[in-house]
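Participant: curious how this folds, go ahead:
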Amino acid sequence: MNPTDRPHNHAPPCRRWRSLARDERGAVSAELVIATPLLLLLIMGVIQFALWEHAEHIASAVAQQGVSVGRLQGETAGAGQAEAKSVLDQLGPSVLADSNITATRTATTTTVTVTGHAESIVGIFTLPVKAVAVGPNEVYTGAGAAP
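Facilitator: Next up is the predicted model:
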């Protein structure tokens, strides 16, 4: 076959590769437009989860400290609740938003419950936080007496 007899609708191989490369122009931009918001959403989700975990730890520490005071001999549930409020004010009330502390003392145990929600970085939703600490009340049995 003579080169001049070849049909005109077929381009030489080098031209075919160039036309394929032209068809992919803008592909990186399109991928970035899709991938960047997804990556930012993932990062914000990780940060929100970390804030929720931090709020859980603060609530747990506040409840445990409230129980440690409220269970002492001669103390009341109100003393445990006041101590829990004091600890929350020191640790960061902004991390545990809309907090509520309740303390109850029975004849044998003291219970402190801390509720609230974690600070939201987006503002669309809030994650609830709850911590409960329970401890036996101290009872003095006298010097030399068997427990």
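Participant: just the strands in the protein please.
Facilitator: Remark: strands assigned in the chain by DSSP state E are 96-105, 109-118, 128-136.
Participant: what's the single longest helix in the chain?
Facilitator: The residue-count maximum for a helix in the chain (DSSP state H) belongs to helix 27-70.
Participant: and that one, what does it pack onto?
Facilitator: helix 77-91, strand 96-105, strand 109-118, strand 128-136 (3 or more C-beta pairs under 8 Å, 6 or more residues apart in numbering; DSSP states H and E). Using the backbone N, CA and C atoms, a C-beta is placed for each residue, glycine as well.
Participant: okay, the strands of the chain in TSV with distance to residue 75 next?
Facilitator: Below are the strands of the chain laid out as TSV (distance: least, C-beta to C-beta, whole Å):
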stretch	distance to residue 75
strand 96-105	8
strand 109-118	8
strand 128-136	12
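Participant: can I get those strands in a markdown table with mean pLDDT, mean neighbour count and distance to residue 76?
Facilitator: Below are those laid out as a markdown table (pLDDT from 0 to 100; neighbours: other C-beta atoms under 10 Å; distance: least, C-beta to C-beta, whole Å):
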| stretch | mean pLDDT | mean neighbour count | distance to residue 76 |
| --- | --- | --- | --- |
| strand 96-105 | 93 | 18 | 6 |
| strand 109-118 | 96 | 22 | 9 |
| strand 128-136 | 96 | 17 | 14 |
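Participant: out of the ones you listed, which comes closest to residue 90?
Facilitator: strand 96-105 (12.1 Å; C-beta to C-beta).
Participant: just checking: what are the partner strands of that closest one?
Facilitator: The pairing partners recorded for strand 96-105 under DSSP bridges are strand 109-118 (antiparallel).
Participant: mind saving the C-alpha coords of the partner strand as PDB?
Facilitator: Taking C-alpha atoms only, strand 109-118 is exported to PDB below (Å, rounded to 0.1, in the frame of the first residue of the first chain):
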ATOM      1  CA  THR A 109     -23.300   5.800  98.600                       C
ATOM      2  CA  THR A 110     -22.800   9.200  96.900                       C
ATOM      3  CA  THR A 111     -23.500   9.700  93.200                       C
ATOM      4  CA  VAL A 112     -22.500  12.700  91.100                       C
ATOM      5  CA  THR A 113     -23.800  13.000  87.500                       C
ATOM      6  CA  VAL A 114     -22.400  15.500  85.100                       C
ATOM      7  CA  THR A 115     -24.200  16.200  81.800                       C
ATOM      8  CA  GLY A 116     -23.800  18.600  78.900                       C
ATOM      9  CA  HIS A 117     -22.600  18.600  75.400                       C
ATOM     10  CA  ALA A 118     -19.200  19.000  73.600                       C
END
